[in-house]
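> Just need the structure, nothing else, for what follows:
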Amino acid sequence: NEHSSVPSPTNNKSPHSFKYIKTMKTVLSLLLLALAVVSTSAFGGYTPVLSTPLKAPRVASRGNNMEMRARVCDLLGKRPNRQARVVTFSHKRIKKVQHVNLQWKRFYSEGLGRKVKLRLSTKAIKTVNKYGSIDAAAKKFDVDLSKF
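As a prediction, this is how the structure comes out:
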């Protein structure tokens, strides 16, 4: 039975020998372990979350104080409406943002003795005109004008 074409488990030259299978299982398990370690360190590892964002140091420059601000009215606190939808002719509903009509406006504050530059909605500009001065409107809506 030595010349049969069917390999036997006792024949060490056979690719299906027990020693060969055991070695392959060990190599595959090590590769799987290495893959798990690499994927965990790449995707699921610890990433520190800062409680306070890092701020870049301010560089003194003439008039160029670019700072990203939210599109919010400084007096009334009006924000963009993110709940709006457009309904098309085929009745598809598409999300859309309705922005506040914000304008940069300078007012003279008698309380501070200087001009303050505010980003106000057009509704807030009408409100300031109704109250007569920016100081009265700021007092009504609890806004600290010294920050502007």
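> quick one, strands of the protein?
85-87, 93-95, 102-109, 114-121 (DSSP state E).
> In a markdown table, list the ones you listed along with mean pLDDT, mean neighbour count and distance to residue 38.
All C-beta spots, glycine's among them, are computed from the backbone N, C-alpha and C. A markdown table is the format used below for the strands of the chain (pLDDT from 0 to 100; neighbours: other C-beta atoms under 10 Å; distance: least, C-beta to C-beta, whole Å):
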| stretch | mean pLDDT | mean neighbour count | distance to residue 38 |
| --- | --- | --- | --- |
| strand 85-87 | 97 | 9 | 44 |
| strand 93-95 | 96 | 9 | 39 |
| strand 102-109 | 96 | 14 | 49 |
| strand 114-121 | 95 | 17 | 49 |
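> CSV for these, including distance to residue 32?
Shown next, in CSV, are the strands of the chain (distance: least, C-beta to C-beta, whole Å):
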stretch, distance to residue 32
strand 85-87, 48
strand 93-95, 44
strand 102-109, 57
strand 114-121, 57
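> closest one to residue 34 among the ones you listed?
When these are ranked by proximity to residue 34, the top entry is strand 93-95, at 44.4 Å, counting by C-beta to C-beta.
> Give me the helices and strands touching that closest one, please.
Here strand 93-95 touches strand 85-87, going by 3 or more C-beta pairs under 8 Å, 6 or more residues apart in numbering; DSSP states H and E.
> Show me what the strand it packs on is packed up against.
Partner elements for strand 85-87 (3+ C-beta pairs under 8 Å, 6+ apart): strand 93-95.
> Pull the distance from the strand it packs on to the chain's centre.
Chain-centre distance of strand 93-95: 22 Å, with C-alpha atoms, centre = their mean, to the nearest Å.
> Please apply the same query to stretch 92-108.
The answer for stretch 92-108 is 21 Å, by C-alpha atoms, centre = their mean.
> can you list the residues that contact that stretch?
Stretch 92-108 is contacted from outside by 71-73, 78-82, 84-88, 114-122, 125, 128, 133-134, using C-beta atoms under 8 Å, 6 or more residues apart in numbering.
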